[in-house]
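A.B. asks: turn this into a model:
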Amino acid sequence: MSVFTKTEFDKLSVMYEGDKNRDATSKIRGFLFQDYVTIMCLLQNQVKYVCSEYLEDVDVFFEDGTFEFIQVKYYPKTNPNMKEISTDLYYQYLRLQMLQCTLNATPRLYIHRNLKVEKPTLDEMKTYIELENPLPESVDYSNTIVSATWLRTNVYTANKKEEQKKNLFATMASENSLKEFVEKYGINHKADIAKYKKELMEELAKTYPNPDKDGDKEHWQLILLGLAISYIQRRYELVDSDFEQLRVDKKEFYQYMADSVRTKSDKTIANYLVGVVCEEYGEIINNNDLSDLQTHMLNRIYQNTLQWINIIAQTVDGQYQLVNTFSTDDVSKVATYRGATVDDRCIYMMECKTAFLAFLDYLWKIMLDICQEKVNDETEISAHFEMFDPCHYMDFSVTDYVCLNFPEDKYVNHSIILPSAGGKFKGVKRKIVERMVNISPKPEKWFFENGKITRGKNYYNYSTANVNENPTVADLGEDSFYIECMECIGIDEDEWSVQEACGGCIFSEKCIKEEM
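C.D. replies: Residues are numbered from 1 along each chain as shown. From the prediction side, this is the model:
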């Protein structure tokens, strides 16, 4: 007989009722790590369901009735607030006891941090819960209905989590429950999130082997990661959801993954790009000393980018739009993309990975700079949600390339982020012009990192000679375009925490490098 009865899930619903109505503070860190943990849990033996963002960051239900409720924390350099984390978990544990839940409740902390943390002792937990009166040895909980009513009346009426915890602990905390909590409390420490991601990708590839025995291992793992991330992320978009909607059934997840990888399709290409987006976001947050606010903002940008890529990359036309933006190939080669087989399109997109990463990095950094101009505190983010969405800066009437229209750029309406030219600037520039010259509208500004430090006004009917004019962006005519060399925008390691004033560089009337 299954331990997961409707009665047990109804008890969890009583708990969720109090959590979803609370004025929760926005999460700052951990979304990517949280997704990794969620997927890794789905790959464990004996798992039945996994929920993300239900009672805790991740809730795992095992076939034997074990219920792990997990807080996922990302603290690579700073100290975690163990009082807040531990009392959050005890709050869940105590409510499960009150509601006489028959599941084997197991509190867990998964933490990414360079230095290990120890779980609190019983005496430390007593200090954490801050009771004004002596802690009773035990508390007699009434039946489930009485407990649910008590919670709604005495705890859920508060709108702040700390107040809810204080109200609960004042009446329901006990020596016995606290002792049991400490005994069950476990910490899973991950010092290297890159290593954890590698382990996850290897486990995915082991569970869902590549049907192409000669296929590229790294590419296959990125496809699987993107596929799994996309499946998990769907639930973040739900509004006023319940357990039935939020839970991921392990058998359904397995079937979804197995069916999706059986044959290559346009979805495979989208999954690959999603995997690349996840990988790049992880690299940025792990290798830069970002503030909490910067990390929060970048996370919003990352989440919205996943949604955009999942949409645009699932059609041949959308893929062509991407390729025509960041490819370094000439017009004839890119023109063959639409008519190519899925296998060939998949290979071509993978060959463009480096160029796609440059596109992502510059788009994200420009957006992050813009957002930092408007948002000074986490509480202000909700008032500017649209600014964290790449689509806010895109002109969707243009379908030949990803056309950007930054409201902050007062001089042009159509711009494009191009791949780095590397050591072949003239050749790459010529190929890009060949592609751009016959599209409409032609981009008026190129965000074009180039080793030749070429900037300023160019003509679409130009020769390959270097620029020899010195006008401003305001002087552009119908058949001309302006190159921003991107020297002012830092996307290397340790540069993401540096805020650039775009209005004074890439959005200015004239490239400031020309004036030096």
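
A.B. asks: going forward, measure contacts between C-alpha atoms and count neighbours the same way
C.D. replies: OK.

A.B. asks: after the helix or strand bottoming out on mean pLDDT in the chain comes which helix or strand?
C.D. replies: Counting by mean pLDDT, DSSP states H and E, the chain has its least confident helix or strand at strand 456-459, which shows a mean of 71. Downstream of strand 456-459, the first helix or strand assigned by DSSP states H and E is strand 480-484.

A.B. asks: given that next one, what are its sheet partners and their directions?
C.D. replies: Strand 480-484 has the following sheet partners, assigned by DSSP bridges: strand 445-447 (parallel), strand 456-459 (antiparallel).

A.B. asks: returning to what we had before: list the buried residues in the least confident helix or strand of the chain.
C.D. replies: The neighbour-count check on strand 456-459 (16 or more other CA atoms under 10 Å) flags 456, 457, 458, 459 as buried.

A.B. asks: got any ranges where the protein has weak pLDDT?
C.D. replies: Confidence mapping of the chain against pLDDT under 70 gives the ranges 1-3, 21-30, 238-240, 450-455, 461-478, 510-516.

A.B. asks: and the strands in it?
C.D. replies: For the chain, applying DSSP state E gives strands covering 47-52, 58-62, 66-74, 104-112, 186-190, 247-249, 415-417, 445-447, 456-459, 480-484.

A.B. asks: turn the buried residues of strand 456-459 into CSV, including distance to residue 143.
C.D. replies: What follows is these, written out as CSV (distance: CA to CA, whole Å):
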residue, distance to residue 143
456, 76
457, 77
458, 78
459, 79
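
A.B. asks: of these, closest to residue 59?
C.D. replies: residue 456 (54.6 Å; CA to CA).

A.B. asks: my read is that the closest one contacts residue 482, right?
C.D. replies: Yes: the pair residue 456 / residue 482 is scored as a contact, 5.2 Å apart, by CA atoms under 8 Å.

A.B. asks: what about residue 103, how many neighbours?
C.D. replies: Per other CA atoms under 10 Å, the neighbour tally for residue 103 reads 18.

A.B. asks: what's the closest non-adjacent residue to it?
C.D. replies: residue 65 (5.2 Å; CA to CA, 6 or more residues apart in numbering).

A.B. asks: test my guess that the one you found contacts residue 101.
C.D. replies: No: look at residue 65 against residue 101 with CA under 8 Å: they stay out of range, at 10.6 Å.

A.B. asks: in the stretch 1-150 of the chain, which spans are helices?
C.D. replies: Under the criterion DSSP state H, counting those that start in this stretch, the stretch 1-150 of the chain contains helices at 6-20, 31-42, 82-98, 122-129, 144-154.

A.B. asks: for the first one, packing partners?
C.D. replies: Taking 3 or more CA pairs under 8 Å, 6 or more residues apart in numbering; DSSP states H and E as the contact definition, the neighbouring helices and strands of helix 6-20 are helix 82-98, helix 144-154.

A.B. asks: out of the ones you listed, indicate the one that is most buried.
C.D. replies: helix 82-98 (a mean of 19; mean count of other CA atoms under 10 Å).

A.B. asks: relative to helix 122-129, how tilted is that one?
C.D. replies: Per axes from the mean of the first three to the mean of the last three CA atoms, to 10 degrees, the angle that helix 82-98 makes with helix 122-129 is 90 degrees.

A.B. asks: what sits against the nearest residue to residue 274 once chain neighbours are set aside?
C.D. replies: Closest residue to residue 274 apart from its sequence neighbours, by CA to CA, 6+ apart: residue 226 at 4.7 Å. Residue 226 sits next to 270, 271, 272, 273, 274, 275, 276, 278 when contact means CA atoms under 8 Å, 6 or more residues apart in numbering.

A.B. asks: mind checking which of those residues are in helices?
C.D. replies: 270, 271, 272, 273, 274, 275, 276, 278 (DSSP state H).
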